[in-house]
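1. give me coordinates for this.
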Amino acid sequence: MLRLPIAKEKQAPATMDRMPPDAESHAGQEEASQGEQEPPPFLGRWRNLYIVILAWLTFLIFLFYRFTEYFS
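-> Numbers count the residues shown, from 1 in each chain. This next block holds a predicted model:
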């Protein structure tokens, strides 16, 4: 982004007129991280995705417990 100098503002040196390409990409990442996060690919909200993962892990623990009881 190019800034135009205000009459009372000191002029920056010619080398500082624009940000280097690396700085521009990092600035965009910071703005995106401070804004709203992208929703997950399914279930609409991150909370819903975490609930499904927690339920799946609980199911697996129960299933492995039943296998252990059955085969011991």
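
2. where along the chain do the helices fall?
-> All helices of the chain, identified by DSSP state H, fall at 21-34, 46-71.

3. lowest mean pLDDT across those helices, which one is that?
-> Sorting the helices of the chain by mean pLDDT places helix 21-34 lowest, at a mean of 60.

4. list the residues that contact the nearest residue to Pro40 once chain neighbours are set aside.
-> Spatial nearest neighbour of Pro40, excluding adjacent residues (CB to CB, 6 or more residues apart in numbering): Leu49 at 4.8 Å. No exception for glycine: its C-beta is placed from N, CA and C like everyone else's. The neighbourhood of Leu49, defined by CB atoms under 8 Å, 6 or more residues apart in numbering, consists of 40, 42-43.

5. model confidence score at the residue nearest to Arg45 when sequence neighbours are not counted, please.
-> Nearest residue to Arg45 in three dimensions, chain neighbours excluded: Pro39, at 6.7 Å (CB to CB, 6+ apart). pLDDT recorded at Pro39 is 88.

6. neighbours of Pro39, how many?
-> 12 (other CB atoms under 10 Å).

7. do you know how far it is from Phe59?
-> Pro39 sits at a distance of 25 Å from Phe59 (criterion: CB to CB, to the nearest Å).

8. circling back to that earlier point, any figure for the gap between the residue nearest to Arg45 and Thr58?
-> 24 Å.

9. Asn48 too?
-> Using CB to CB, Asn48 is found at 16 Å from Thr58.

10. with neighbour numbers in mind, choose between these two.
-> Neighbour count, other CB under 10 Å: between Asn48 and Thr58, Asn48 has more, with 13 against 10.

11. contacting residues for that one?
-> So Asn48 contacts Pro40 (CB under 8 Å, 6+ apart).

12. redo that, cut-off 7 Å
-> Not one residue lies near Asn48 by CB atoms under 7 Å, 6 or more residues apart in numbering.
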